[in-house]
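Undergrad: this one's sequence-less:
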């Protein structure tokens, strides 16, 4: 990463929000914990210590960790890897207890200003019962990550009220657009507006933005969500926050259309879509049936069938998800969405 990437940028990557709905009759809503008071973690500053954790998949070797540390230093921060960062137990970065203890050690370390996950994979949900949420609430720090780290974002929102950032993991490629967006949120305390980007190419009618509107209108609510696969697996647990009045955002990768349909149907049957004020579906990267052909619904048809009947704003197309230039978005903060315009606006700073 070059020094030029570290310059402040005002242009932010576009982002997508979709309103969730379902044609299927909903079952009685599951019980979710009452929303705790919002707590904003301190913003990051140049020279701050950034704790690095691997709460899910393993890192690999010390050379990979050195590369990640170099990226953090290019951010103007001081990397501090967790004590057992390079441990491995099968596909996990050590035992559940080890990974949970490493995460808690970062929240307990007074020199650590923020915490960033190195990668995703699978395993965050396994450590949720082992975390001390009271201590996390007492020493709020900015937690950053995406994909499987969705489990931690949602658990923090449900049990602590501490805001976090759904954004690139430390091991990501961090192109300029991704860095600029993250820096604006985490360092500057900016309140950006994300917009579905312009389409590539022009036809006779004019291409315009690649926004897919399932139900138009505007809505406000606290932003909750993340990876669809991870979120749907938390249904029925005490680690899923209350979505009443929330703007739900979703993304996923490498899932066939029928699997996306199945997971959305699970949320519909659990009553989640009956509670939300709006839905944003970001990117569904490589969400195509490997068999191909015209016998399947397209991913956009799946989303339209689920969200089109909802009476809340819903759209798709923001740059949230498994893409290089992904946008960072704050979990737990109030936003306003305009489905017709394909925009999402942050209403207050995510950090103190």
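TA: Cool, got the structure. Here the structure is a predicted model, which is why all the values come from computation and not from measurement. Numbers count the residues shown, from 1 in each chain.

Undergrad: model confidence over the helix or strand containing residue 185, on average?
TA: For residue 185, the element it lies in under DSSP states H and E is helix 176-186. Mean pLDDT, helix 176-186: 97.

Undergrad: Sort out which residues of whichever helix or strand comes after it are buried, please.
TA: Note on helix 176-186: by DSSP H and E, the next helix or strand toward the C-terminus is strand 193-195. Within strand 193-195, the residues scored as buried using 16 or more other Cβ atoms under 10 Å are 194-195. C-beta coordinates here come from the backbone N, C-alpha and C atoms, glycine included.

Undergrad: Please name the strands paired to strand 193-195 in the sheet, noting orientation.
TA: Partners of strand 193-195 in the sheet, by DSSP bridges, are strand 343-346 (antiparallel).

Undergrad: Could you report the distance from residue 43 to residue 160?
TA: 18 Å (Cβ to Cβ, to the nearest Å).

Undergrad: more crowded one of these two?
TA: Set residue 43 next to residue 160 and count neighbours by other Cβ atoms under 10 Å: residue 160 wins out with 21 against 18.

Undergrad: three-state assignment of the nearest residue to residue 331 once chain neighbours are set aside?
TA: Beyond its immediate neighbours in the sequence, the residue positioned closest to residue 331 (Cβ to Cβ, 6 or more residues apart in numbering) is residue 153, lying 4.5 Å away. Of the three states, residue 153 takes helix under DSSP: H, G, I helix; E, B strand; the rest coil.

Undergrad: What's the local residue count around residue 153?
TA: Neighbour number of residue 153 under other Cβ under 10 Å is 29.

Undergrad: Residue 121 is in contact with residue 149, correct?
TA: No - counting by Cβ atoms under 8 Å, residue 149 sits too far from residue 121 to count as a contact (9.6 Å).

Undergrad: can you give me the helices in the stretch 151-300 of the chain?
TA: 176-186, 228-233, 257-269, 299-307 (DSSP state H, counting those that start in this stretch).

Undergrad: can you put the ones you listed in TSV and add distance to residue 139 and mean neighbour count?
TA: Compiled in TSV, these are given as follows (distance: least, Cβ to Cβ, whole Å; neighbours: other Cβ atoms under 10 Å):
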stretch	distance to residue 139	mean neighbour count
helix 176-186	17	23
helix 228-233	25	22
helix 257-269	32	19
helix 299-307	39	21
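
Undergrad: Any idea which of those gets closest to residue 113?
TA: Nearest to residue 113 among those is helix 176-186; the distance by Cβ to Cβ comes to 10.2 Å.

Undergrad: helices or strands next to the closest one in the packing?
TA: The contact analysis (3 or more Cβ pairs under 8 Å, 6 or more residues apart in numbering; DSSP states H and E) places helix 176-186 against strand 142-145, strand 164-166.

Undergrad: okay, these in JSON lines with mean pLDDT, distance to residue 265 and mean neighbour count next?
TA: Below are the helices and strands packed on helix 176-186 laid out as JSON lines (pLDDT from 0 to 100; distance: least, Cβ to Cβ, whole Å; neighbours: other Cβ atoms under 10 Å):
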{"stretch": "strand 142-145", "mean pLDDT": "98", "distance to residue 265": "27", "mean neighbour count": "26"}
{"stretch": "strand 164-166", "mean pLDDT": "98", "distance to residue 265": "23", "mean neighbour count": "28"}
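
Undergrad: Make a markdown table from these and add distance to residue 311 to it.
TA: What follows is these, written out as a markdown table (distance: least, Cβ to Cβ, whole Å):
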| stretch | distance to residue 311 |
| --- | --- |
| strand 142-145 | 33 |
| strand 164-166 | 26 |
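
Undergrad: what about these, which gets the closest to residue 325?
TA: Among the helices and strands packed on helix 176-186, strand 164-166 comes nearest to residue 325, with 14.7 Å by Cβ to Cβ.

Undergrad: Give me the contacts around that closest one.
TA: The contact list for strand 164-166 (Cβ atoms under 8 Å, 6 or more residues apart in numbering) reads 41, 142-146, 149-150, 152-153, 156-157, 182, 185-186, 225-226, 249, 320, 328-332, 350.

Undergrad: Give the pairing partners of it; include direction for each.
TA: strand 142-145 (parallel), strand 329-331 (antiparallel).

Undergrad: hmm, back to that, so the residue nearest to residue 331 sits against residue 230, correct?
TA: No - counting by Cβ under 8 Å, residue 153 stays clear of residue 230, with 9.3 Å between them.

Undergrad: Check the secondary structure at residue 106 for me.
TA: Assigned with three-state DSSP, residue 106 falls in the helix class.

Undergrad: Excluding residues flanking it in the chain, which one is nearest it?
TA: Once flanking residues are discounted, residue 106 sits nearest to residue 51: 3.5 Å by Cβ to Cβ, 6+ apart.

Undergrad: Cheers, nothing more for now.
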